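Q: Coordinates only, no sequence provided:
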DNA sequence: AAAAACAACTAACAATCGTTAGTTTTGTAA
DNA sequence: TTACAAAACTAACGATTGTTAGTTGTTTTT
């Protein structure tokens, strides 16, 4: 649907700027400058600023949605499912940290696509919750407040992009090694 | 220093809007509308939009800084220190979730106060790191990647405001009960 | 009652916003 | 070489931005 290479460049540069300053603080002239062209020239390739944002966010949101489908393989244990969710977040963050930042910080500036996005996010959380709930019922995980476990894991996973992209931050390798055990087993011995 | 009640109202209303849409997307006219006055009237009480943001963020950032001082009581165990850090975040979030949102999402739009803020945040993280490091040395906590433990806890604590303020979200009581054990002991039995 | 301080107002400013129209340049295919 | 399409450009638009100046009404102090 969208293999125009120049358009991809624009979206990529825009995502970088959105991550740093947020959608509202970035102007079309900022985006154009980062490509060494004039703002009006952007419109040979894209229809609006809003379209750029929607393209960035919806693509990665759909990746999470389809990733969650695979997580829900019935024969997996709860721990294996949680492990797979963690890996899904690591993979998508490593592949595109700028899009992750937009997803987290600028989703509320979506217009036409906002209901579609919110629905996907709600479904994702609901599926996550169901996994935790089943895990408690089966005695695999501690029977504490489900919302707290859910939000604790999701908060960490969703803001991975902050720590992954900063210098002297965490690497993809150490994330895959140590993040699951940190989240699942905790910090205290 | 700042006990002008009308100014406090303005800052409070502004914080609410900043939390919802972000600093850059909120106009002075939006803030004025929420107080049923005109935008120009705001300037009888505040000097600039930027001053509003700085007031919100610096106040709560300083609360974290002074809270961290108390955490560092030498006779506490590592677990007790971590427990106190969690309580500090819960308390400040419950007291002012709007300011927490600004702190997290809009700090990069600080201008004059940006270096001061960044210094406080770096110091806070460094103190946190030192506690974890000592905990590992003393065998109180698992010897895994410190950065991952640090970012895992901080990510959860810093985005508490999202879950605390949404309907059917978590309550202050269940947070104090279940968040420490979730973070410190993990999810899996 | 007069004076001073406070807090709202109207009107407008220069700058910047996303976007459009129309034109010129550049690269490719015939 | 010519013809065409793609992608840049200049110029400008109407709307909105944060903010200022000057004024009016209201409350508090003298």
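A: Alright, I've got the coordinates. Computed from a prediction, not measured in an experiment: that's the story for all the values here.
Q: when you scan the helix or strand where residue A:81 lies, is anything in it near chain B?
A: Per DSSP states H and E, residue A:81 falls inside helix A:78-95. Yes. Using Cβ under 8 Å from any Cβ of the partner chain, helix A:78-95 reaches chain B at A:79, A:82. All C-beta spots, glycine's among them, are computed from the backbone N, C-alpha and C.
Q: which parts of chain A sit against DNA strand D?
A: Contacts of chain A with DNA strand D, taken as Cβ under 7 Å from any atom of the strand, map to A:6, A:32, A:36-41, A:44-45.
Q: on that earlier part again, average pLDDT for the helix holding residue A:81?
A: When pLDDT is averaged along helix A:78-95, the result is 97.
Q: Can you tell me, leaving aside adjacent residues, what's nearest to the residue most central in space within chain A?
A: Centroid check for chain A by Cα atoms, centre = their mean gives residue A:100 as the closest residue, at 3.9 Å. Nearest residue to residue A:100 in three dimensions, chain neighbours excluded: residue A:161, at 4.0 Å (Cβ to Cβ, 6 or more residues apart in numbering or on different chains).
Q: where does the one you found land in three-state SS?
A: helix (DSSP: H, G, I helix; E, B strand; the rest coil).
Q: Report the closest residue of chain A relative to chain B.
A: residue A:186 (3.1 Å; Cβ to the nearest Cβ).
Q: just checking, that residue touches residue B:179?
A: No. Counting by Cβ atoms under 8 Å, residue A:186 does not reach residue B:179; the two are 11.9 Å apart.
Q: okay, the two: which has more neighbours?
A: Comparing residue A:186 with residue B:179 by other Cβ atoms under 10 Å in any protein chain shown, the one with more neighbours is residue B:179, at 24 against 21.
Q: touching chain B at all, stretch A:124-131?
A: No. Judged by Cβ under 8 Å from any Cβ, stretch A:124-131 stays clear of chain B, getting no closer than 10.7 Å.
Q: and that stretch, how far out from the chain's middle?
A: Computed by Cα atoms, centre = their mean, to the nearest Å, the separation of stretch A:124-131 from the middle of its chain amounts to 16 Å.
Q: Ok, stretch A:48-64 next?
A: That offset, for stretch A:48-64, works out to 11 Å (Cα atoms, centre = their mean).
Q: Can you list the neighbours in contact with it?
A: A:2, A:10-11, A:14-15, A:18, A:23, A:28, A:31, A:46, A:88, A:92, A:96, A:98-100, A:102-103, A:106-107, A:109-113, A:116-117, A:120-121, A:124 (Cβ atoms under 8 Å, 6 or more residues apart in numbering or on different chains).
Q: Now a PyMOL select for only the buried ones of those.
A: Buried residues among the contacts of stretch A:48-64 (16 or more other Cβ atoms under 10 Å in any protein chain shown), as a PyMOL selection:
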select buried, chain A and resi 10+11+14+15+18+23+28+31+46+88+92+96+98+99+100+102+103+106+107+109+110+113+117+120+124
